[in-house]
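In: my questions are about this predicted structure, shown below with the sequence.
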Amino acid sequence: MAVKVASSWINGASVETSGETHQIIDPATGKSVSEYNLATAADVDTAVAAARAAFPAWAGATPAERSAVLAKLAKLADEHAEQFVAEEVSQTGKPVRLATEFDVPGSVDNIDFFAGAARHLEGKATAEYSGDHTSSIRREAVGVVATITPWNYPLQMAVWKVIPALAAGCAVVIKPAEITPLTTLTLARLASEAGLPDGVFNVVTGSGAEVGTALAGHRDVDVVTFTGSTAVGRKVMASAAVHGHRTQLELGGKAPFVVFSDADLDAAVQGAVAGALINTGQDCTAATRAIVARELYDDFVAGVAEVMGKIVVGDPHDPDTDLGPLISYAHRDKVAGMVARAPQQGGRVVTGGEAPDLPGAFYRPTLIADVDESSEVYRDEIFGPVLTVRSFTDDDDALRQANDTEYGLAASAWTRDVYRAQRASREINAGCVWINDHIPIISEMPHGGVGASGFGKDMSDYSFEEYLTIKHVMSDITGVAEKEWHRTIFNKR
């Protein structure tokens, strides 16, 4: 029987909301693991009001005080790692190894990073730039942050959005995806246990159409941040623009994986499979467009197909499983439909291209070679365990193909030539370019894209720019009543 949970956390307590009953489905079995009542637009109003009331005191806390709370939260999150793993696997279907070794420890590390970063805000040196005034910079919390997070990395995305905002002194209202709210609710509860004041961190779990729209367009928030699809991100930005709110968007991707002729072929093959299949391909930075030198093309295709054929697809709770299910049957059908149409557009399905005989929303690792540049699978985000491959003739052609996309979130270049690597890092239009690897992230460095992949940064000190305002304070040091510049306005009399 599904366990009943509260959908929201508002003003430091679990809140039973009055919307329709919603089931959280384990995509590996198709069975319900939890149920709750959806939040409503009225709950958004309550949560925003709580955040607005709590903001002044939290913004006024010293950096050391905010740091201490976040450090305690990092410790509690680490102590509850097994609970986070269990919730993440059951609601997303991601393999337990991925949740145990990547999602949860990475989230703990990110919280720990911002516990320290809260005490290290940077700004231009205080000085007499005009000669007769002292100028200084204040960096102040922007206010109430509304954030909407996706279903593919529920815990990590909540941490990426909420924790830097808290470190900066903001109050937050977050709407997790309604199909994967469990770890976000647990994070909010632990934040309260860590000493975060009531109302500073609020969760409202409801539909995008009602709760997402109400939150993004709420007049009493100051910043709206969103991670998800490009299409929805544009709607979020439009809603926020009604009130002139700042936005930060981390959207879709179609990452190129460029393999030059001098690359280590085995490393490129291994990296392509890992980069394409992480989180069952449901990752906006996943390797999706392999662009390979003609000299290596056939061997690369054969190598990737061989490694993909050894991938273990099955029960995500089994530590031997490599690839879990997609998030839902509907999403699996979308992925399967795109793959099925690929041969009609010139692509050749080398391996995969079908669902295994398993209960749940599973789909086999799939490699599609010889894709046309105009084909759907090459241009559109598939968000599944599918890698497409094309060849290139020379370096100019490789970089042209890499940039032949509206997206610009991530990319990788594979080469032993330092000059090729430097050129690729300069000329590929993406927020992150890996050299001879694809996917690793670290808390100290930013994550975010360009073009249809959005703007602004998550993680690192750079993310503070989303949650702080910069105030210039200019103080006269002369004590003179009649300033020299006054004569530009009126003559002395």
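Out: Arrived safely, thanks for sending. Numbering: from 1, shown residues only.
In: tell me where the stretch 1-150 of the chain has helices.
Out: Counting by DSSP state H, counting those that start in this stretch, the stretch 1-150 of the chain has helices at residues 41-60, 63-79, 81-92, 96-98, 104-117.
In: the strands in the stretch 101-250 of the chain, which residues?
Out: Assigned by DSSP state E, counting those that start in this stretch, the strands in the stretch 101-250 of the chain fall at 133-141, 144-148, 171-175, 201-203, 223-227, 246-250.
In: CSV for those strands, including mean neighbour count?
Out: (Glycine included, C-beta is placed from N, CA and C.) Shown next, in CSV, are the strands of the stretch 101-250 of the chain (neighbours: other C-beta atoms under 10 Å):
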stretch, mean neighbour count
strand 133-141, 15
strand 144-148, 28
strand 171-175, 30
strand 201-203, 30
strand 223-227, 27
strand 246-250, 23
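In: to residue 117, which of those lies closest?
Out: Residue 117 lies closest, by C-beta to C-beta, to one member of these: strand 133-141, at 12.2 Å.
In: tell me what angle that closest one forms with helix 41-60.
Out: Compare the direction of strand 133-141 with that of helix 41-60 by axes from the mean of the first three to the mean of the last three C-alpha atoms, to 10 degrees and you get 140 degrees.
In: assumed residue 433 was part of a helix.
Out: No. Remark: residue 433 does not belong to a helix; assigned using DSSP: H, G, I helix; E, B strand; the rest coil, it is strand.
In: that one: what's it in contact with?
Out: Residues in contact with residue 433 (C-beta atoms under 8 Å, 6 or more residues apart in numbering) are 410, 411, 412, 413, 424, 425.
In: which stretches of the stretch 1-150 of the chain have low pLDDT?
Out: Applying pLDDT under 70 to the stretch 1-150 of the chain flags residues 1.
In: now with 80, please.
Out: Applying pLDDT under 80 to the stretch 1-150 of the chain picks out residues 1-2.
In: residue 463 is in contact with residue 164, isn't it?
Out: Yes. Between residue 463 and residue 164 there is a contact under C-beta atoms under 8 Å: 4.3 Å.
In: tell me which of these two has more neighbours.
Out: residue 164 (30 against 27; other C-beta atoms under 10 Å).
In: next, the contact list for that one, please.
Out: Contacts for residue 164 (C-beta under 8 Å, 6+ apart) come out as 114, 117, 458, 459, 463, 464, 466, 467.
In: do I have it right that residue 406 meets residue 451?
Out: Yes. With contacts counted by C-beta under 8 Å, residue 406 reaches residue 451, the gap being 5.7 Å.
In: need the residues touching each of those two.
Out: By C-beta under 8 Å, 6+ apart, no residue touches both residue 406 and residue 451.
In: which residues sit against stretch 15-26?
Out: 2, 6-9, 31-40, 43, 46, 90-91, 93, 178-182, 204-207, 210, 328, 360.
In: may I see the ChimeraX selection of the buried members of the residues you listed?
Out: The buried subset of the contacts of stretch 15-26, as determined by 16 or more other C-beta atoms under 10 Å, is captured in ChimeraX by this line:
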select :6,7,8,9,33,34,35,36,37,38,39,40,43,46,90,91,93,178,179,180,181,182,204,205,206,207,210,328,360
